[in-house]
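Undergrad: Can you look at this prediction? I've put the sequence above it.
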Amino acid sequence: MTDDPMPGVPDLGGDDGCGCGSACGCGGHGAAGGPGGDRGHGQGGSTDIRSDGGATPANVDEHGKLRDVEFTDPAEGASQDVYDSPADMRVQRPGEEDLDLDTPSYEIRSQMNDIETPDEKTWFMELDEAVIDDGRCIQCGTCVASCPSDSIGIGDDGLPELVKMCTGCSLCWDFCPRGGLRYERQWKITGGDDNVTGAGDPITEFSAKVEDDWRENAQDGGLVTSVLIHLLEDGEVDGALIATESDEDPWKAESFLATTPEECIENAGSFYNQTMALGNLDLEQWAHKLDVPVEEASLALVGTPCEIEGIRALQDFEWDYASHESGVRSVEYTIALMCTKNFNYKRLVGEKLVEQRGVDLDDVAKMDVLHGKLMVMGTDGEMLVEEDVENFHDAALKGCDECADFTGYCADLTVGSVGSSDEYSSVIVRTEQGLDAWNRTKDDLDYHDLEDRSAVGKLQGWDKKKAFDSLKRPFDPDAPRFIDYTDHAENYGTELNPHDRGH
């Protein structure tokens, strides 16, 4: 028998004063386990060594109670790595100061999992490889508007660029008029079987001009500005996405949302570079100008035929386009500007006009492309430049050569100068919506039937021939709307899966 209350269990009820019993590890017992030993509490024995071999915490007193705690402020401007590198430099491994620690390229994916990308999954890197890096981007901005994760932005060079991780949804490729969008199929989907020949299948056509005093600063007859004014005044739209001149670069166009007739008049006239219009449909940036919530806004869009093709395609699908969703859905009127080609701003204005021809941009009042010539008019009425537009071909966007849409097949209204005499604009009414806009405007116009339909048809025919010569894929309005990347790569010789080689 034993005197222990429970055999094998230490007696925790000793009267040693510390309350720990025979299992005490705090040194409250004597050497033999009783009071008065040389390790007793306050008996002159050391309390620095614990029974578990550890040390007494510095912030706890001899009775185990927390002392007043003082925290030391962290050091400022001091490196926290062990190699004594400056605090504002990235930590590198010793002896490898030049080590590149940037985000690994997409080839890491195949190295890690040995899985090939399915052919139907297309990434922004494919679009970049096949269109942007190849110099074929027409700067319409459709890829920016289509991205459901806001992964694509606009770079300082005016071209689309990846701003965060691509999800591989394929939409940027599918909607690009130089990539996956078979734009001629979009003509037919928008306007019907007859909308693919000649200048399309218009409702009616006019030559018209505005008689108001402000027209002298407008392009040709001032028709676009007049239509926008009437849509705003009648409350049909809350704003119009148009072009305005950059504050930093003279004669460089930027996107602008006009919400008053005065703003439309102030920005009348044409520029000859793209604005990435569809890349500026995030209406939050314009919310301060709108009198309605962005999700309720109604807009008119003025753009080149490729931009109108893009917005029509986007609106055909009930997908969520992230920050551009409200903008895509808000466009209710589209006005296409007749266009054979557009230009890179730096190459046209900076090199061709300023450097090579000595044009002072402060002296320029107007630019125009008319009768196959590029004309630059001075503020004093003098013609500063009047040359065949082909002399400026190497300043044009390369991708424009592949466009067969001179007259804007997908628009509600098409406006230009071809087919009308000086100071008149040619107006092609294509849809019921376009007819509504025309009827709201016509009473303030001097107009008559289109003067020269053959001129429009001839230039449209020339534009198509140019496109047929430049396109490396079949031109087929009856083929599927979207072109697989693999099919494009076969026609254009583009590399498949460029992200697998460290794009």
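TA: Thanks, I have it. Residues are numbered from 1 along each chain as shown.
Undergrad: Just the mean pLDDT for stretch 469-476, thanks.
TA: For stretch 469-476, the mean pLDDT works out to 96.
Undergrad: ends of that stretch, how far apart?
TA: End-to-end distance for stretch 469-476, by C-alpha to C-alpha, to the nearest Å: 14 Å.
Undergrad: Could you check the pLDDT of L171?
TA: 96.
Undergrad: Run a quick neighbour tally on it.
TA: 24 (other C-beta atoms under 10 Å). (Glycine included, C-beta is placed from N, CA and C.)
Undergrad: what's around the residue nearest to it when sequence neighbours are not counted, how many residues?
TA: The spatial neighbour of L171 that comes closest, neighbours along the chain excluded (C-beta to C-beta, 6 or more residues apart in numbering), is S146 at 4.4 Å. By other C-beta under 10 Å, 28 other residues sit near S146.
Undergrad: so what does the one helix or strand V369 maps to touch, helix or strand wise?
TA: V369 is located in strand 364-370, with elements delineated by DSSP states H and E. Applying 3 or more C-beta pairs under 8 Å, 6 or more residues apart in numbering; DSSP states H and E, we find strand 364-370 packed against strand 373-378.
Undergrad: Tell me how far the strand it packs on lies from the chain's centre.
TA: For strand 373-378, the separation from the chain centroid amounts to 32 Å (computed by C-alpha atoms, centre = their mean, to the nearest Å).
Undergrad: Next secondary structure after the longest helix seen in the chain?
TA: Among the elements of the chain assigned as helix by DSSP state H, the one spanning the most residues is helix 453-470. Downstream of helix 453-470, the next assigned helix or strand under DSSP H and E is helix 485-492.
Undergrad: quick one, helices of the protein?
TA: Under DSSP H, the chain gives helices at 107-113, 124-127, 142-146, 171-175, 183-191, 223-233, 261-266, 305-315, 325-330, 345, 432-441, 453-470, 485-492.
Undergrad: Please list the outside residues in contact with the fourth one.
TA: Pointing back at helix 171-175 there. 122, 124, 126-127, 142-143, 145-148, 152, 160, 179-181, 310, 313-314, 319, 482, 485 (C-beta atoms under 8 Å, 6 or more residues apart in numbering).
Undergrad: one more time with 7 Å, if that's ok
TA: With C-beta atoms under 7 Å, 6 or more residues apart in numbering as the test, helix 171-175 has contacts from 122, 124, 126-127, 142-143, 146-148, 152, 179-181, 310, 313-314, 482, 485.
Undergrad: I'd like to know which of those residues are buried.
TA: Using 16 or more other C-beta atoms under 10 Å as the burial test, the contacts of helix 171-175 include 122, 124, 126-127, 142-143, 146-148, 152, 179-181, 310, 313-314, 482, 485 as buried.
Undergrad: Would you mind checking which helix or strand in the protein has the lowest mean pLDDT?
TA: helix 107-113 (a mean of 45; mean pLDDT, DSSP states H and E).
Undergrad: quick one, which of the helices of the chain is packed in tightest?
TA: For those, the largest average neighbour count (mean count of other C-beta atoms under 10 Å) is found in helix 142-146, namely a mean of 29.
Undergrad: Near the residue nearest to A322 when sequence neighbours are not counted, how many other residues are there?
TA: Computed as C-beta to C-beta, 6+ apart, the closest residue to A322 that is not its neighbour in sequence is D150, at 4.7 Å. Neighbour count of D150, defined by other C-beta under 10 Å: 14.
Undergrad: how about E295, what does it touch?
TA: So E295 contacts S326 (C-beta under 7 Å, 6+ apart).
Undergrad: where in the stretch 301-450 of the chain is pLDDT low?
TA: Applying pLDDT under 70 to the stretch 301-450 of the chain flags no residue at all.
Undergrad: The stretch 101-250 of the chain now?
TA: 101-120, 215-219.
Undergrad: run the last query once more with 80
TA: 101-121, 212-221 (pLDDT under 80).
Undergrad: returning to that earlier point: now do the longest helix of the chain against helix 305-315, angle only.
TA: 80 degrees (axes from the mean of the first three to the mean of the last three C-alpha atoms, to 10 degrees).
Undergrad: Need the residues that contact helix 453-470.
TA: By C-beta under 7 Å, 6+ apart, helix 453-470 touches 198-199, 205, 340, 401-404, 406-407, 418-419, 426, 475.
Undergrad: Tabulate the residues you listed in JSON lines, adding columns for neighbour count and distance to D446.
TA: Output for those, formatted as JSON lines (neighbours: other C-beta atoms under 10 Å; distance: C-beta to C-beta, whole Å):
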{"residue": "G198", "neighbour count": "15", "distance to D446": "27"}
{"residue": "A199", "neighbour count": "26", "distance to D446": "23"}
{"residue": "E205", "neighbour count": "19", "distance to D446": "16"}
{"residue": "T340", "neighbour count": "20", "distance to D446": "27"}
{"residue": "D401", "neighbour count": "17", "distance to D446": "36"}
{"residue": "E402", "neighbour count": "21", "distance to D446": "37"}
{"residue": "C403", "neighbour count": "26", "distance to D446": "32"}
{"residue": "A404", "neighbour count": "21", "distance to D446": "32"}
{"residue": "F406", "neighbour count": "26", "distance to D446": "25"}
{"residue": "T407", "neighbour count": "25", "distance to D446": "23"}
{"residue": "V418", "neighbour count": "22", "distance to D446": "19"}
{"residue": "G419", "neighbour count": "26", "distance to D446": "16"}
{"residue": "S426", "neighbour count": "28", "distance to D446": "14"}
{"residue": "F475", "neighbour count": "15", "distance to D446": "39"}
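Undergrad: Same list, those residues, but as a markdown table with distance to E386 please.
TA: Shown next, in a markdown table, are the contacts of helix 453-470 (distance: C-beta to C-beta, whole Å):
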| residue | distance to E386 |
| --- | --- |
| G198 | 30 |
| A199 | 27 |
| E205 | 28 |
| T340 | 17 |
| D401 | 24 |
| E402 | 28 |
| C403 | 25 |
| A404 | 28 |
| F406 | 22 |
| T407 | 25 |
| V418 | 17 |
| G419 | 21 |
| S426 | 21 |
| F475 | 34 |
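Undergrad: which of those lies closest to E248?
TA: T340 (28.0 Å; C-beta to C-beta).
Undergrad: Surely that closest one and T407 touch.
TA: No: between T340 and T407 there is no contact under C-beta atoms under 7 Å: 10.4 Å.
Undergrad: Tell me, how many residues neighbour L159?
TA: Around L159 there are 15 residues (other C-beta under 10 Å).
Undergrad: residues touching it, list them.
TA: So L159 contacts I132, C137, Q139 (C-beta under 7 Å, 6+ apart).
Undergrad: Make a PyMOL selection of whichever of these turn out to be buried.
TA: To isolate the buried subset of those in PyMOL, counting by 16+ other C-beta under 10 Å, use the following:
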select buried, resi 132+137+139
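Undergrad: In CSV: the contacts of L159, plus distance to E62.
TA: Listed next are the contacts of L159 as CSV, based on distance: C-beta to C-beta, whole Å:
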residue, distance to E62
I132, 73
C137, 76
Q139, 77
